[in-house]
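Enquirer: Model the structure of this input:
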Amino acid sequence: MGDTKGGPFDIPELLARAMLAAQNPHGKPNSDVLRPWVSRLDVTRMPQHLWIIDFPPGMDEREAVLYEQPFEYIRRHVQPKRADNKRAVYRDRWWIHAEPQPEMRIALAKRDRFIAVPRVAEHLLFVWLPPETLPDSALTVFARDDDWFSGVLHSRFHQVWALRLGRQLREKKSGFRYTLTTCFETFPFPWPPGTPLGKLTCAQDDQRTAIAQAARALDVGRADWLGDRSDPMRTLTALYNARPGWLQQAHAALDEAVATAYGWPADLPDDEIVTRLLALNRERAPTP
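Expert: The predicted structure is shown next:
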């Protein structure tokens with residue numbers, strides 16, 4: 001799960017740009033503590049172009065105060081809201097986000113990009129985000145930068161499994177809840193994701209390549225359709241509501257590549273997909 005800020009740390013881009021240009025008494029740049037902020041709405045609708053003041057989890061107040069403008073901003077806007085918090089760590093370390101997810105930060109820092117998916121959405125949408133962005137708690141993220149991994153997540157096989165194991169919200173239009181424990185951790189990939197390249201057969205390596213190529217084609221098509229994302233009518237939600245022919249074709253090509261990796265037909269009924277994935281889980285389960 002992404003970062004939980006626990007207060008109004010987010011700021012408009014214009015203010016962030018002004019802070020980035022400001023000088024500090026210790027000579028360090030405010031880019032150390034300012035990052036683009038991405039929430040569920042940035043994925044499903046239009047970009048909000050918000051930034052966030054983000055002091056690293058281990059930074060103490062004596063160091064934080066030297067980043068003058070960001071610190072003064074949250075002293076005015078965040079500290080009063082955290083002053084009466086019942087949790088001492090939130091109250092006493094008010095300049096730090098409530099749940100900054102340090103392990104997530106370490107994992108994402110090793111990647112050139114990472115995958116994010118809204119925890120609640122009308123459609124199951126996986127997107128690439130650049131490493132400088134901070135994902136909000138409304139997103140689940142994967143510290144992976146490989147196209148084949150993204151491709152399997154985008155496939156019908158994972159979608160059917162996730163929709164069956166996820167929690168449908170009361171109103172179908174509001175979508176369903178994607179949870180790691182039920183939707184992802186239980187999902188059997190065509191081969192375990194941690195399998196090193198040297199352990200794959202030539203056929204499996206070719207299958208990974210085919211999935212990666214289909215995933216890249218889907219990503220490029222969606223990006224071209226979205227354009228500069230300034231048109232409020234062109235959002236990922238709108239695209240998947242309409243499902244134009246080219247999008248269906250791109251997903252069909254991806255599903256075909258993933259089906260080949262499993263050794264299954266691409267046009268299996270949903271119930272048969274669930275049955276086969278469950279059988280694959282049982283087959284891989286360690287013997288007691």
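
Enquirer: for the residue nearest to Ala98 when sequence neighbours are not counted, what are its contacts?
Expert: Closest residue in space to Ala98, ignoring its immediate chain neighbours: Gly6 at 2.6 Å, by Cβ to Cβ, 6 or more residues apart in numbering. From N, CA and C alone the C-beta is placed, and that goes for glycine too. Shown in contact with Gly6 (Cβ atoms under 8 Å, 6 or more residues apart in numbering): 82, 90, 97-99.

Enquirer: Out of those, which sit inside helices?
Expert: Applying DSSP state H to the contacts of Gly6, the entries found in helices are 82, 90.

Enquirer: who's the most centrally placed residue in the chain bridged to?
Expert: The residue lying closest to the centre of the chain (Cα atoms, centre = their mean) is Ala116, at 1.3 Å. Counting by DSSP bridges, Ala116 is bridged to Val127, Val141.

Enquirer: per-residue confidence for it?
Expert: Here, the pLDDT recorded for Ala116 equals 96.

Enquirer: and what of Met46?
Expert: So Met46 comes in at 92 (pLDDT).

Enquirer: ok, now how distant is it from Ser230?
Expert: 8 Å (Cβ to Cβ, to the nearest Å).

Enquirer: Those two: who's more crowded?
Expert: A direct count of neighbours by other Cβ atoms under 10 Å for Met46 and Ser230 places Met46 higher, at 15 against 9.

Enquirer: give me phi/psi at that one?
Expert: Note on Met46: backbone dihedrals following degrees, to the nearest 10 are phi -110, psi 150.

Enquirer: would you list every one of the strands in the stretch 101-250 of the chain?
Expert: Residue ranges of the strands in the stretch 101-250 of the chain, as given by DSSP state E, counting those that start in this stretch, are 114-118, 120-121, 127-129, 134-135, 139-142, 167-168, 176-177.

Enquirer: Leaving out chain neighbours, which residue sits closest to Gln207?
Expert: Leaving aside its sequence neighbours, Gln207 sits nearest to Ala261 (Cβ to Cβ, 6+ apart; 4.2 Å).

Enquirer: chain center to the host helix or strand of that neighbour: distance?
Expert: Per DSSP states H and E: Ala261 is located in helix 245-262. Relative to the centre of its chain, helix 245-262 is centred 22 Å away, using Cα atoms, centre = their mean, to the nearest Å.

Enquirer: What's the mean pLDDT across the helix or strand following it?
Expert: Counting by DSSP H and E, the next helix or strand C-terminal to helix 245-262 is helix 270-284. Mean per-residue pLDDT for helix 270-284: 93.

Enquirer: thinking again about what came up before, just checking, which of the contacts of Gly6 comes out lowest on pLDDT?
Expert: Tyr90 (89).

Enquirer: who's in contact with that residue?
Expert: Here Tyr90 is in contact with 6, 82, 98 (Cβ under 8 Å, 6+ apart).

Enquirer: Can you lay out those residues as TSV showing distance to Leu165?
Expert: Shown next, in TSV, are these (distance: Cβ to Cβ, whole Å):
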residue	distance to Leu165
Gly6	30
Arg82	36
Ala98	29
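
Enquirer: Which helix or strand in the protein has the lowest average pLDDT?
Expert: One helix or strand of the chain scores below all others by mean pLDDT, DSSP states H and E: strand 167-168, with a mean of 71.
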